[in-house]
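In: Compute the structure for the input listed below.
(one chain, ligands or ions: 2)
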Amino acid sequence: MAKDDNLPLFATKIAKGRILFQFYSLLIFVGICFIFVYRLSHIPAKEEPGRWAWMGLFFSELWFSFYWFVTTVVRWNPIYRNTFKDRLSHRYEKALPGIDIFVCTADPVIEPPVMVINTVLSVMAYDYPPEKLNVYLSDDGGSDLTFYAMLEASRFCKIWLPFCKKFKVEPRSPEAYFRTAVEPLGEPVMAKEWSTVKILIDGRESEAVDIQGQTLPTLVYLSREKRPQYHHHFKAGAMNALIRVSSRISNSPIILNVDCDMYSNNSMSVRDALCFFMDEEKGNEVGFIQFPQGFENLTKNDVYGGSLNVLMELEMPGFDGNGGPCYIGTGCFHRRETLSGQEYSKIYKADWKRWSNRSVEDSTSVLEETCKVLASCSYEENTQWGKEMGLKYDCTVEDVLTGVAIQCRGWRSIYFNPERKGFLGVAPTTLLQSLVQHKRWSEGDFHIFASRHCPFVLGYKKIPLKLQLTYCMNLLWAANCLATLYYVIVPSLCLLRGISLFPEITNSWVLAFVFVIIVHRAYSLGEFVWFGGTFKGWWNDQRMWLYKRTTSYFFGFLDYILKRLGFTNSAFVITTKVADDDVSQRYEQEVMEFGTSSPMFTILATLALLNVLCFVSGLKRVIADVETLVWEQFALQILLCGLLVFINLPIYQGLFFRKDVASLPTSVAYQSTMFALLACAIAVY
Ligand SMILES: O=c1ccn([C@@H]2O[C@H](COP(=O)(O)OP(=O)(O)O[C@H]3O[C@H](CO)[C@@H](O)[C@H](O)[C@H]3O)[C@@H](O)[C@H]2O)c(=O)[nH]1
Ligand SMILES: [Mn+2]
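Out: Ligands and ions are numbered 1, 2, ... in the order given. Purely as a prediction, here's the structure:
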């Protein structure tokens, strides 16, 4: 026993095959240098046409190269973790700390109560001493339905938890059961006066036991007060109310936070997380442990690129290797002090024993009463909540922002990606949902970059430079829109007009371009397939890459600017988590879902039409002048334009060939045709 006591609770491995990656990076770097030498040495003279177009292209390429550099920094040093849970239970089984688990929900229609209680039940069923588990549901929708469902869950868990433990079932979300359960009958139980805090199961009471007489986890329903004159700050506001209420009821030193659709898929996750927090040597500096976001509703070729596989399997480990992953809002274990705003200091040492004893002796009803005050809408007036305490406000990615602040206060974060995924959620099932979600993310991320919370500013001398650069990958998503829009519009219009922007196909400079494009894309394909994707999935991902950059990021960028100028207020558009049967069916069949008119679709359709027009006219020009070898001049531009046409095939189908309800509406077709023709007309005069 004595020998085992000195062994660490977790191990860190460095990824293999780094030398190959470094070689690839070197190749691309050299290729990029050649491209710039070409660009700078071949600038069209003042009187030549296309001088400005050329410069723009040069700046776009400069941007892409910078962004490539950032993604290379992210990938430079990925690390992987594993835990030794047997050592943990061997040493600490009797002294395990309490855990408070926060589940957030906001809308009973797009986040059905069935899904919410599945998540709640799955986290109640963790393989952990139940008297140390406390589950809180924050219901921003204040919905009777959700409340009923929670009441039902508080009864059902008495059968469910012993069942899970006896048969060691995984995952522990009883979806199938609740699909068939009937809605509660009778008069509404939920009177308005206890609409704020309700302790459904108090783990301290002797009657709170399951059918086998085992203690149950504490279960609390919270619907914080909301009034129009007070901003409720979306999820960040809900989380902060939960932090306060839980501090009164259970005050556990560790907080797990999950979205209502992210059920626990692995009953060991709490123990995994504790291996990091309780490690004798490195544990004290750990502020939070981020698990990946996994999704249960993905299709084989993932039309909307929702799997985030490369991000979760490679880029987040890269984040970890560069100094610690960002906080991504769900599937994350925090230290209570860290989340509440405390700075890390070298002498800090967690006192698990102190925490593991319950200090609250008040009766349930007294607790509920006092907690209502903590969840009232005016409680935060003139306090540091949302600024230096709790999750930060006024940003649509409160999670990333809060994570940056925590790291800058000296805490380390850890990324842990176990073989059996810790959490599974729901990825968007329509194109528009996916684009809107990315708009929220890119806008919030860019907001962080442009604020005083920018990792280069706030993190100056506090977090490593490579971590600051790593953050740029996400924080600069929105900024990608400009270079991308330029690259998909201008070379095509120049083709139409007869201005050549790339070297002739017989010129050896062309090799630099071809080399960089082919090697770069081949690498990305290799990466995608290595992490479990299909070739078609990669192609879909490339399409989504383009669509996000030309719409989500563009609108995210615009909205950020409009907000700065004081014209709009950004809101948190909640991602829908259920779909109608026919929508689901199309999703299963990987048929792209349009169906409504949206400015985003108008942009996508305009770009697609513009490119097809330019492509056709480019081909015509080449065929008309076969003898004069014009095609040599325009080969690369035609190729680029042709690729864009090819990747946009689903748009042409949606515009002209599909007749189902999910095709692109006629209004979008008219608008986009007009815009595309107009752009072409302006280009040729
Ligand atoms: O006023 C609100 C709005 C949202 N939520 C909850 O916040 C969670 C995330 O919302 P969702 O619409 O599912 O957004 P996603 O884009 O899927 O969420 C990702 O991105 C968000 C930041 O943009 C993070 O907060 C999330 O944790 C992260 O999973 C859900 O549980 C919601 O119920 C609230 O509690 N109150
Ligand atoms: Mn979600």
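In: Run through the residues that contact residue 288.
Out: Shown in contact with residue 288 (C-beta atoms under 8 Å, 6 or more residues apart in numbering): 327, 332, 333, 334, 335, 338, 339, 403, 406, 411, 413, 414. (Glycine included, C-beta is placed from N, CA and C.)
In: Model confidence score at the first one, please.
Out: According to the per-residue confidence, residue 327 scores 97 in pLDDT.
In: Just to confirm, what's the three-state secondary structure of residue 136?
Out: strand (DSSP: H, G, I helix; E, B strand; the rest coil).
In: That one: neighbour count?
Out: A total of 26 residues lie near residue 136 under the criterion other C-beta atoms under 10 Å.
In: my guess is it contacts residue 246, does it?
Out: Yes - between residue 136 and residue 246 there is a contact under C-beta atoms under 8 Å: 5.6 Å.
In: Identify the contacts common to the two.
Out: In contact with both residue 136 and residue 246: 100, 102, 220, using C-beta under 8 Å, 6+ apart.
In: As TSV, those with distance to ligand 2 and secondary structure would be great.
Out: Shown next, in TSV, are the shared contacts of residue 136 and residue 246 (distance: C-beta to the ion, whole Å; DSSP: H, G, I helix; E, B strand; the rest coil):
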residue	distance to ligand 2	secondary structure
100	21	strand
102	15	strand
220	22	strand
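In: List the contacts of whichever residue of the stretch 301-450 of the chain sits closest to ligand 1.
Out: Across the stretch 301-450 of the chain, the shortest distance to ligand 1 (C-beta to the nearest ligand atom) belongs to residue 329, at 2.2 Å. Residues near residue 329 by C-beta under 8 Å, 6+ apart: 235, 257, 259, 397, 398, 399.
In: what's the answer for residue 398, then?
Out: Applying C-beta under 8 Å, 6+ apart, the residues near residue 398 are 233, 234, 235, 236, 239, 329, 391, 392, 444.
In: got it, and residue 376?
Out: Residue 376 neighbours (C-beta under 8 Å, 6+ apart): 196, 224, 225.
In: thinking again about what came up before, please check the shared contacts of residue 136 and residue 246 and keep the buried ones.
Out: 100, 102, 220 (16 or more other C-beta atoms under 10 Å).
In: Now flag whichever of those is closest to ligand 1.
Out: Checking these one by one against ligand 1 (C-beta to the nearest ligand atom), the nearest turns out to be residue 102, at 9.6 Å.
In: give me the beta-bridge partners of the closest one?
Out: Counting by DSSP bridges, residue 102 forms beta bridges with residue 136, residue 257.
In: What's the per-residue pLDDT of it here?
Out: Turning to residue 102, the model gives it a pLDDT of 98.
In: got it, and residue 633?
Out: Residue 633 is assigned 88 on the pLDDT scale.
In: Pop out the phi and psi values for it.
Out: With angles defined as degrees, to the nearest 10, residue 633 sits at phi -70, psi -30.
In: where does it sit relative to residue 685, distance-wise?
Out: Residue 633 sits 21 Å away from residue 685 when distances are taken as C-beta to C-beta, to the nearest Å.
In: Looking at the contacts of residue 398, which is nearest residue 423?
Out: Of all those, residue 329 has the smallest distance to residue 423: 11.3 Å, by C-beta to C-beta.
In: Can I take it that the closest one is in a helix?
Out: No - applying three-state DSSP, one finds residue 329 to be coil, outside a helix.
In: Got the domain ranges for this structure?
Out: Domain segmentation of the chain under automatic domain parsing yields 18-75+475-684, 83-293+328-416.
In: chain center to stretch 126-136: distance?
Out: Remark: stretch 126-136 is offset 27 Å from the chain centroid, using C-alpha atoms, centre = their mean, to the nearest Å.
In: What of stretch 22-42?
Out: Offset of stretch 22-42 from its chain centre (C-alpha atoms, centre = their mean): 32 Å.
In: Make 5 the first number, not 1, from now on.
Out: Noted, 5 is the first residue going forward, which turns the last one into stretch 26-46.
In: Show me what that stretch is in contact with.
Out: By C-beta under 8 Å, 6+ apart, stretch 26-46 touches 58, 61-62, 65-66, 69, 72, 76, 507, 513, 515-517, 519-520, 523-524, 527.
In: same thing with stretch 163-170?
Out: Under C-beta under 8 Å, 6+ apart, the answer for stretch 163-170 is 125, 128-129, 131, 134, 173, 176, 178, 181, 214-216, 218, 220-221, 271.
In: Can you select the buried ones from those in PyMOL?
Out: To isolate the buried ones among the contacts of stretch 163-170 in PyMOL, judged by 16+ other C-beta under 10 Å, type:
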select buried, resi 125+128+129+131+134+176+178+214+220+221+271
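In: Intersect the contacts of stretch 163-170 with the contacts of ligand 1.
Out: Restricting the contacts of stretch 163-170 to those touching ligand 1 (C-beta under 6 Å from any ligand atom) yields no residues.
In: Looking at the contacts of stretch 163-170, which has the smallest pLDDT value?
Out: Sorting the contacts of stretch 163-170 by pLDDT puts residue 181 at the bottom of the list (48).
In: mind showing which ranges of the protein have poor pLDDT?
Out: Counting by pLDDT under 70, the ranges of the chain that qualify are 5-8, 180-199, 358-365.
In: Which parts of it are strands?
Out: Applying DSSP state E to the chain gives strands spanning 14-18, 83-87, 103-109, 137-143, 201-205, 222-226, 258-263, 267-268, 290-294, 298-299, 336-339, 416-419, 427-429.
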